[in-house]
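> quick one, what's the 3D model for this:
(one chain, ligands or ions: 1)
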Amino acid sequence: MKSVIITGTSKGIGLQTALAFARAGYKVFATMRNPVNAVDFRQKIQDEGLAITISAMDVDDDESVKSCIGAILLQNGPIDVLVNNAGIEYHGSIEEVPLADFKAVMETNYFGAVRCIKAVLPQMREGRSGCIINVSSISGRVANTPMGPYAASKFALEAISEALAQEIKPFNVRIAMVEPGIIDTKMARDIATSGKSIYPQVNRFGGIFEAMLKNPTPAKLVANKILEIAGSGTWQLRHPVGPDALPTLGWRARMNDEEWVSWHAASNKEWYKAVRLPYKPDPTQGE
Ligand SMILES: NC(=O)c1ccc[n+]([C@@H]2O[C@H](COP(=O)([O-])OP(=O)(O)OC[C@H]3O[C@@H](n4cnc5c(N)ncnc54)[C@H](OP(=O)(O)O)[C@@H]3O)[C@@H](O)[C@H]2O)c1
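Just a heads-up that it's a prediction; the model follows:
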């Protein structure tokens, strides 16, 4: 029976990923900060008879990661797959977001993943087998205001993943990045309802999320892509997921850097006119 460690499984994409792997016959180690709250999840595990063990792990904390993954490896032996899913999101203008939030998002989305990678890698390298899947984001490829603090953490995750891929390929260990667009989870819904700033970009950005969430892309879509990557043996590094993912990448690729900056710096009227092209439904519905 193949085994997987998944971080951040209390809700959203992580929860769906744990269920998807277990239903596909994996032994799942579902980690989360507060297992005591996982009442519905435990019930589902029991109802469906799934091979899921829940354990406490805060990816921000060196000791928590070391002891949790150490105990899993001791109990299970080598792990086949690690999914770094745990993440947080802070956005706003660079001027207004507190420095503590920049640090917090980096701690979870970047250092959290690095911590978990370092905990499983020796065993994968020695066994010449394994797969690491990092849940990045389209914001790991495209930086736009007001996602600066979050995008920085996902760009960092993408950089380390690309470099790591080069180191571990000779040991037959795979790494992949999943790059979701806007997915229907608490994280995206919080973005849709937030935003008051002296910068107009912050105030208008929630409209895109609100519009996308009127025709929501479920977290299961990302979960199934992660499962597919683990099972397929693919060496493809980047996997955009969701109906808006490739259009967003294409939209950025069609502009040079200066056009990209000027367009985001444009007035609300000009910006909404341009944003209709890659996004449906019309984000002005969220104005
Ligand atoms: N939703 C989207 O549109 C979207 C798009 C692109 C990428 N993503 C990425 O997808 C991943 C999952 O996000 P989501 O949309 O499913 O959001 P979510 O519903 O807010 O879930 C985030 C998960 O991460 C956990 N988490 C946060 N900090 C943690 C920490 N220090 N240690 C352990 N777990 C921690 C949360 O646990 P608690 O319950 O304890 O807070 C929760 O289980 C993230 O990496 C996110 O950046 C999401």
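> how about the helices of this protein, start to end?
Counting by DSSP state H, the chain has helices at residues 12-23, 39-48, 62-76, 99-106, 112-127, 148-168, 186-192, 200-212, 219-232, 245-253, 257-264, 268-275.
> return the most buried member of those.
Among the helices of the chain, the stretch with the highest mean neighbour count (mean count of other C-beta atoms under 10 Å) is helix 12-23, at a mean of 24. All C-beta spots, glycine's among them, are computed from the backbone N, C-alpha and C.
> so for it, mean pLDDT?
Confidence over helix 12-23, taken as the mean pLDDT, stands at 98.
> next to the ligand, which bits of the stretch 151-287 of the chain? Give me the list.
For the stretch 151-287 of the chain, the residues in contact with the ligand (C-beta under 6 Å from any ligand atom) are 180, 182-183, 185-188, 219.
> using CSV, lay out the residues you listed together with pLDDT and distance to residue 95.
Converted to CSV, those look like this (pLDDT from 0 to 100; distance: C-beta to C-beta, whole Å):
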residue, pLDDT, distance to residue 95
180, 98, 28
182, 94, 25
183, 96, 29
185, 96, 28
186, 95, 27
187, 94, 23
188, 93, 24
219, 98, 33
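> the residues you listed: which two are farthest apart?
Based on C-beta to C-beta, the longest span within these runs between 180 and 186 and measures 14.1 Å.
> biggest strand in this structure by residues?
For the chain, the longest strand by residue count, based on DSSP state E, is strand 173-180.
> give me the contact list for it.
With C-beta atoms under 8 Å, 6 or more residues apart in numbering as the contact definition, strand 173-180 has outside contacts at 13, 121, 124-125, 128-138, 140-141, 157-158, 161, 164-165, 168, 217, 222, 225-226, 229, 233-242, 245.
> any idea of the angle that strand forms with helix 245-253?
Between the direction of strand 173-180 and that of helix 245-253, the angle (axes from the mean of the first three to the mean of the last three C-alpha atoms, to 10 degrees) works out to 80 degrees.
> neighbours around residue 175, how many?
Each residue near residue 175 was counted by other C-beta atoms under 10 Å, and the total is 25.
> show me what contacts residue 195?
Taking C-beta under 8 Å, 6+ apart as the test, what residue 195 contacts is 92, 146, 202-206.
> need the max-distance pair from those.
The most widely separated members of these, counting by C-beta to C-beta, are 92 and 204 (13.1 Å).
> now stretch 115-131: how far from the chain's centre is it?
20 Å (C-alpha atoms, centre = their mean, to the nearest Å).
> give me the contacts around that stretch.
The contact list for stretch 115-131 (C-beta under 8 Å, 6+ apart) reads 5, 7, 59, 62, 65-66, 69-70, 73, 78-82, 84, 132, 164, 168, 171-176, 229-230.
> quick check, nearest of the residues of the stretch 151-287 of the chain next to the ligand to residue 96?
The nearest member of those to residue 96, counting by C-beta to C-beta, is residue 187 at 19.8 Å.
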